[in-house]
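A.B. asks: pasted the sequence and its predicted model underneath.
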Amino acid sequence: MSDNILSPQALPFLRHIERCNQARLPGERTPLFYQGRQIGWIAPEIAPALTLKGLRTGTSFILQDASILESLGHELALSGLYTSHNELFDVRDDEDNVIGQIDRGAIPLFGLPAEGIHLNGLVNTPDGLKIWIARRSASKRLDPCKLDHIVAGGMSAGLTATETLIKEAHEEAGIPEAIAQKAVPVARIQYALERAEGLRRDILHCFDLYLPNNFVPVAEDGEVESFHLESLSDIFCRVRDTNDFKFNVNLVLIDLFIRQNFFSVTDSIILAKALRGHRS
């Protein structure tokens with residue numbers, strides 16, 4: 001087998017990575033610049049409203065003052081162009097400096113990067129390594145009833161990845177802070193895809209946490225329908241054979257499978273390169 005070709009056993013996993021990186025830019029989007037650097041891609045749905053605000057210059061939109069993003073997002077929601085999440089996210093430049101905030105629901109329309117955390121909740125058992133899996137509530141706005149990590153969530157304005165992890169661990173699964181603090185950062189995954197809500201340019205901060213054998217998660221905030229402790233081997237087959245998991249969860253699990261040596265060395269190198277090779 002060529003060093004650049006996945007084996008038939010690993011090839012099905014590649015579809016998840018490709019699915020999360022199907023955005024072809026610019027498409028119908030217009031670049032958004034701040035201080036001479038591009039920070040986003042404006043969707044055609046909101047382009048007329050931003051043009052009326054005087055932000056359009058030729059073939060681009062220029063943001064002179066990033067502090068207006070919050071009010072812009074609010075006005076667009078009032079105009080019915082999207083449904084507000086009533087949760088602000090930080091907007092950062094390419095040097096990771098916070099330049100403003102905007103409602104979470106507006107981020108895909110502006111084509112801005114959004115950051116979040118995903119936690120692999122692992123348990124060492126006599127029967128091998130297992131992982132806690134959540135089923136998303138039927139009331140979730142995005143991807144209802146899909147399978148998910150025990151803890152996953154977006155980074156609200158002002159929070160770091162670790163602070164978000166501790167907050168979400170308590171809210172989503174009842175994990176005490178003393179346990180959540182033991183989580184280890186293991187990966188940073190980026191992708192860009194078009195979805196119904198707009199352009200998703202997400203940055204996932206991924207963590208591993210080995211939980212006590214007697215720990216049972218509790219859905220504290222109503223966002224999870226149920227939790228199940230599953231063999232990692234069974235989850236490997238489920239990711240390979242189905243689309244049961246929320247789209248981005250598959251990427252974090254593939255990274256976990258690589259680190260747990262579920263693939264051959266060659267397949268691991270190719271899949272790792274695919275995961276890390278995409279920039280949003």
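C.D. replies: Everything's here; your move.

A.B. asks: what segments of the stretch 151-280 of the chain are strands?
C.D. replies: Assigned by DSSP state E, counting those that start in this stretch, the strands in the stretch 151-280 of the chain fall at 151-154, 184-195, 198-210, 224-231.

A.B. asks: name every strand pairing with the shortest one and say which way it goes.
C.D. replies: When pairs are called by DSSP bridges, strand 151-154 turns out to pair with strand 113-125 (antiparallel).

A.B. asks: domains for this protein, by residue range?
C.D. replies: Following the assignment in automatic domain parsing, the chain carries domains at 11-23+114-276, 30-110.

A.B. asks: starting at the chain centroid, how far to the first one?
C.D. replies: By that I understand domain 11-23+114-276. Between the centre of domain 11-23+114-276 and the centre of its chain there are 9 Å (C-alpha atoms, centre = their mean, to the nearest Å).

A.B. asks: ok, back up a step: can I get the strands of the stretch 151-280 of the chain in CSV with mean pLDDT?
C.D. replies: Conversion of the strands of the stretch 151-280 of the chain to CSV gives the following (pLDDT from 0 to 100):
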stretch, mean pLDDT
strand 151-154, 96
strand 184-195, 96
strand 198-210, 97
strand 224-231, 95
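
A.B. asks: wait, which of those strands is closest to R19?
C.D. replies: Using C-beta to C-beta as the criterion, the shortest distance between R19 and the strands of the stretch 151-280 of the chain is 7.1 Å, found for strand 184-195. To be clear about C-beta, it is placed using only N, CA and C from the backbone, and glycine gets the same treatment.

A.B. asks: what packs against the helix or strand containing L14?
C.D. replies: L14 belongs to helix 11-19 when elements are defined using DSSP states H and E. Helix 11-19 sits against helix 232-241, helix 249-259, helix 265-276, with contacts defined as 3 or more C-beta pairs under 8 Å, 6 or more residues apart in numbering; DSSP states H and E.

A.B. asks: residue ranges with poor pLDDT in the stretch 1-150 of the chain?
C.D. replies: For the stretch 1-150 of the chain, applying pLDDT under 70 flags the ranges 1-3.
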